[in-house]
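Participant: Need a 3D model of the following:
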Amino acid sequence: MLIGVTNFFRDPQLWEFLRSSAIPALLAKYPEGRLLRAWVPACSSGEEAYSLAMVFREVLEKLRPEGHFTLQIYATDLDPDAVDRARRAIYPDNIVADVSAERLSRFFIPEDQGYRVNKDIREMVVFAVQNVISDPPFTKLDLLSCRNLLIYFGSELQKRLMPIFHCALNRQGILILGSAETVGNFTDMFSPMDKKIRVFERLEQTSQPFRLDFQPKRLSDVSPLDGVVPPDFRQSLEYQTDQLIQQNYAPAAVLVNGDGDIIYISGRTGKYLEPAAGKVNMNIHAMARDGLRDALPGVIRNALHQSQPIHLNGLQVGTNGGTQIINVTVQGIENPEALRNRVLIVFTDVSMPSGGRKKAKTAASDREGALTLELQQTREALRSTHEEMQTSVEEAKSANEELQASNEELTTSKEELQSMNEELQTVNAELQSKVDALTWARNDMTNLLNSTEIATIFLDSQMKLRRYTTYATHLFKFIPADVGRSLSDIVTDLDYPQLQADAMAVLSNLVFREQQARTKDGRWYRVRIMPYRTQDNVIDGVVVTFIDITEIKQLEAELRKRET
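Facilitator: Residues are numbered from 1 along each chain as shown. Predicted structure coming up:
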């Protein structure tokens, strides 16, 4: 289940169909624009979800619709490690085999480890850990891409997923499956948009009744009571004989859960149950006939908590224009495991006694007994209802106390956050003041250095350029990008080849050095190299100053000529 076989733009024909046909058709349904929602279950390490985001962005740039469209993608997987990798959005260099150079430049940022998906695409996708079988799905979706997951599922899981996908999608929503996957027998739920590519459109009407089930089910739990009976067994002599006996000779019975929902019907139950008017409701409390309806609620709950069957004898149940007397047996089931916490209700007809006076006395006696039983059942129902109300009140009190405690915690957290916010504001104000002071100090230093008209360069301990003054560009071909480069890599007009060696010597022995040097155009400079000391008295590079002494050299030359 945790096989992570995926890559960007897998099956290029599919992505081209989405880019050229499916997504433009989806946008055309909402000319005023809309926030679209998509779900990518089994996203693995995220390539499928990011590919969808990139294609959607390409469609928007190509069509430039008048309405404003955005796409929110929910990408889920069962593997937390895969989800973490997807969130990091960093992929190796080999993705160049699947991603074009144009898409790499538009949607990725090169890094040492490979490529990272850029921020705009990353913010379109929300990743989460989810079990697509047992956890509730995302709903109100316009697009659902579940590719190459169904091939790992058996037919039972596939039958459970398709109705979930149908309910999750909006009207005419798009379902995308893998190249080897189909919708199976659910052709009334999904219609193919292209016969060669596994892209389907959700149909509004469906003729198949289904029930959404988000609870995990083991194969051993599946039984004929769930409606899953092998076709060969249905045609067998044993199965057909059992059905004949149940329909004609065995007493009518129904299997229900603790809420009264009918799970299985055996025999003919029309005399005891009838469909309620309105929307179909397969619940015994809604379908039970008069006389039986009031007797069952408390009895079903009691049967779940005791091993002995409960007998209700002599119930008068209404029929079509008359009454009938029946006996009802209610039995909670513990074994087998598949039927645990279910209740079996068996109906048995009671023949009416015959004879004149004896018949009248028996009828009166039966009526009195029925009334007594009905009163007893009513008391039992009231008692059960009272107990449930007390339980509900206690649960409500407990929930209220928890809410009050949560409210107090939230209030405390709010106060702490307010206090932290005030502290952060104070720290921020102090930092802002320091930044302003540093800015002014830097401006002052810059103006001071420029006003001296002395070329100065600052080198770090590795002889790389850290800073320079404006006049230094008269000697070195500096540009802002040269900061951080070695001084030996920068072109200079100064005829001083041992400058870097002398700077290294000063850094080593901490003794400043002064030298006169000439430029190619005949100017002279006094070069002074000194150690760079920090406020902590730590040597962290050198400072080199260049003072123009051309006029002094010219005067010296004139004096020599006069002396000679």
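
Participant: what residues are up against residue 183?
Facilitator: 162, 175, 177, 189, 190, 200 (C-beta atoms under 8 Å, 6 or more residues apart in numbering). Every residue, glycine included, has its C-beta placed from N, CA and C.

Participant: what two of those residues have the greatest distance between them?
Facilitator: 177 and 189 (12.8 Å; C-beta to C-beta).

Participant: so what's the most centrally placed residue in the chain bridging to?
Facilitator: With distances taken as C-alpha atoms, centre = their mean, the chain has residue 128 as the residue nearest its mean C-alpha position (3.2 Å). Beta-bridge partners for residue 128, by DSSP bridges, are residue 76.

Participant: Is it in contact with residue 74, as I believe?
Facilitator: Yes: at 6.9 Å, residue 128 counts as touching residue 74 under the criterion of C-beta atoms under 8 Å.

Participant: residue boundaries of the helices in the chain?
Facilitator: Applying DSSP state H to the chain gives helices spanning 12-17, 23-28, 47-63, 80-88, 101-107, 119-122, 155-168, 231-234, 237-248, 284-287, 297-303, 356-452, 499-509, 550-563.

Participant: which outside residues touch the first one?
Facilitator: Going back to what we said before, that points to helix 12-17. For helix 12-17, using C-beta under 8 Å, 6+ apart, the contacting residues are 9, 51, 55, 176, 179, 194, 196, 197, 198, 199.

Participant: Need these in a markdown table (columns: pLDDT and neighbour count).
Facilitator: A markdown table is the format used below for the contacts of helix 12-17 (pLDDT from 0 to 100; neighbours: other C-beta atoms under 10 Å):
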| residue | pLDDT | neighbour count |
| --- | --- | --- |
| 9 | 92 | 20 |
| 51 | 95 | 25 |
| 55 | 95 | 21 |
| 176 | 92 | 24 |
| 179 | 82 | 14 |
| 194 | 80 | 13 |
| 196 | 80 | 10 |
| 197 | 86 | 20 |
| 198 | 88 | 21 |
| 199 | 92 | 20 |
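
Participant: So what sits opposite residue 524 in the bridge?
Facilitator: residue 518.

Participant: how many other residues sit next to it?
Facilitator: With neighbours defined by other C-beta atoms under 10 Å, the count for residue 524 comes to 17.

Participant: Pull the contacting residues for it.
Facilitator: 516, 517, 518, 548, 549, 550, 552, 553.

Participant: Filter the residues you listed down to the buried ones, ChimeraX style.
Facilitator: In ChimeraX syntax, the buried subset of those is picked out as below (16 or more other C-beta atoms under 10 Å):
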select :517,548,549,553
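
Participant: can you pull the buried residues of stretch 252-260?
Facilitator: Result for stretch 252-260 [16+ other C-beta under 10 Å]: buried residues 252, 253, 254, 255, 256, 260.

Participant: out of these, who's nearest residue 376?
Facilitator: Among those, and counting by C-beta to C-beta, the member closest to residue 376 is residue 260, at 20.6 Å.

Participant: what's the pLDDT at that closest one?
Facilitator: The score at residue 260 is 84. That number is its pLDDT.

Participant: now swap in residue 224 and tell me
Facilitator: For residue 224, pLDDT reads 40.

Participant: circling back: show me which pair in the buried residues of stretch 252-260 is furthest apart.
Facilitator: 252 and 260 (16.7 Å).

Participant: any idea which of the contacts of residue 524 is the one closest to residue 536?
Facilitator: residue 517 (32.5 Å).

Participant: distance of that closest one from residue 489?
Facilitator: 19 Å (C-beta to C-beta, to the nearest Å).

Participant: go on, residue 307?
Facilitator: 92 Å.

Participant: Residue 167 now?
Facilitator: Counting by C-beta to C-beta - residue 167 and residue 489 are separated by 66 Å.
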